[in-house]
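J.: Following is a predicted model, sequence given first.
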Amino acid sequence: DQQVKQNSPSLSVQEGRISILNCDYTNSMFDYFLWYKKYPAEGPTFLISISSIKDKNEDGRFTVFLNKSAKHLSLHIVPSQPGDSAVYFCAANKGGYNKLIFGAGTRLAVHP
Amino acid sequence: GAVVSQHPSWVICKSGTSVKIECRSLDFQATTMFWYRQFPKQSLMLMATSNEGSKATYEQGVEKDKFLINHASLTLSTLTVTSAHPEDSSFYICSVYRELNTEAFFGQGTRLTVV
């Protein structure tokens, strides 16, 4: 049973436009959510996180929105840049337990 | 600078041999480290939780006798793939947490190819 789902395997966006990556989860015990960016043959790098007590967190061009009732979160990147092209993983964990559960990832391609 | 160092970054080995992968926490002591595996075009799958000074905790479906984990110090965890087979070929990544519920830091990963 996949507890964290990223249903879009890929996304193509034009440079300067907004990229929206979606993530759904099934476990209501998750209380912390994170987004990671990953280039081929490298480990993931942290982008942004959000606690379940919030519904929005913003850091520069990156904003994460959390809808607890829908068990859905999304990552907005605006404006998108070619350097944002990578695989983006959504991850979640439960309080007091550091194990991260990852989604399958979404490959973002930002083209000029 | 890097927070986590993983070595080697890639390795090719023959079937039946064992391979050891090291994960070092460079900036802080880590009582807990995590080992992940990623097959092509798939997600990162947690294999096991490495606990300093005690036995590792393995996820369901991961053979503990095949994937030996040793966390002998607060800065080093090792994963040994024993009697490797071609189906073990994958990308292995370790991670450490600085503190509860902050972001995880990942190693650069190890590409293992078993021929």
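T.: That came through, no problem. Numbers count the residues shown, from 1 in each chain, chains lettered A, B, ... in the order given.

J.: Run through the chain and note the low-pLDDT ranges.
T.: Let's take chain A. Applying pLDDT under 70 to chain A picks out residues A:1, A:95-98.

J.: nope, chain B please
T.: Within chain B, the stretches with pLDDT under 70 are B:1-2, B:99-103.

J.: Can you name the residues of it that neighbour chain A?
T.: Applying C-beta under 8 Å from any C-beta of the partner chain, we find that chain B lies next to chain A at B:4, B:6, B:9, B:32, B:34, B:36, B:41-46, B:49, B:91, B:93, B:95, B:97, B:100-109, B:111. Bear in mind the C-beta positions are built from the backbone N, C-alpha and C, glycine included.

J.: Mind checking which of those land in helices?
T.: Per DSSP state H, helices hold no members of the residues of chain B next to chain A.

J.: Only whichever of those are buried, select them in ChimeraX.
T.: Listed next is the ChimeraX selection for buried residues among these, using 16 or more other C-beta atoms under 10 Å in any protein chain shown:
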select /B:4,6,32,34,36,43,44,45,46,49,91,93,95,97,101,103,104,105,106,107,109
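
J.: Break down chain B into its strands, ranges please.
T.: Here chain B has its strands, by DSSP state E, at B:4-7, B:10-13, B:19-25, B:32-38, B:44-51, B:57-58, B:67-73, B:76-81, B:90-97, B:104-106, B:110-114.

J.: Report the contact partners of the most centrally placed residue in chain B.
T.: Among the residues of chain B, B:W35 comes closest to the average C-alpha position under C-alpha atoms, centre = their mean, at 3.7 Å. With contacts defined as C-beta atoms under 8 Å, 6 or more residues apart in numbering or on different chains, B:W35 is in contact with B:C23, B:L46, B:M47, B:A48, B:S50, B:F67, B:I69, B:S77, B:L79, B:Y92, B:I93, B:C94.

J.: mind running it again at 6 Å?
T.: Listed by C-beta atoms under 6 Å, 6 or more residues apart in numbering or on different chains, the contact partners of B:W35 are B:M47, B:A48, B:L79, B:C94.

J.: picking that back up, turn the strands of chain B into a markdown table, including distance to A:S19.
T.: What follows is the strands of chain B, written out as a markdown table (distance: least, C-beta to C-beta, whole Å):
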| stretch | distance to A:S19 |
| --- | --- |
| strand B:4-7 | 27 |
| strand B:10-13 | 31 |
| strand B:19-25 | 32 |
| strand B:32-38 | 22 |
| strand B:44-51 | 21 |
| strand B:57-58 | 36 |
| strand B:67-73 | 36 |
| strand B:76-81 | 34 |
| strand B:90-97 | 24 |
| strand B:104-106 | 22 |
| strand B:110-114 | 28 |
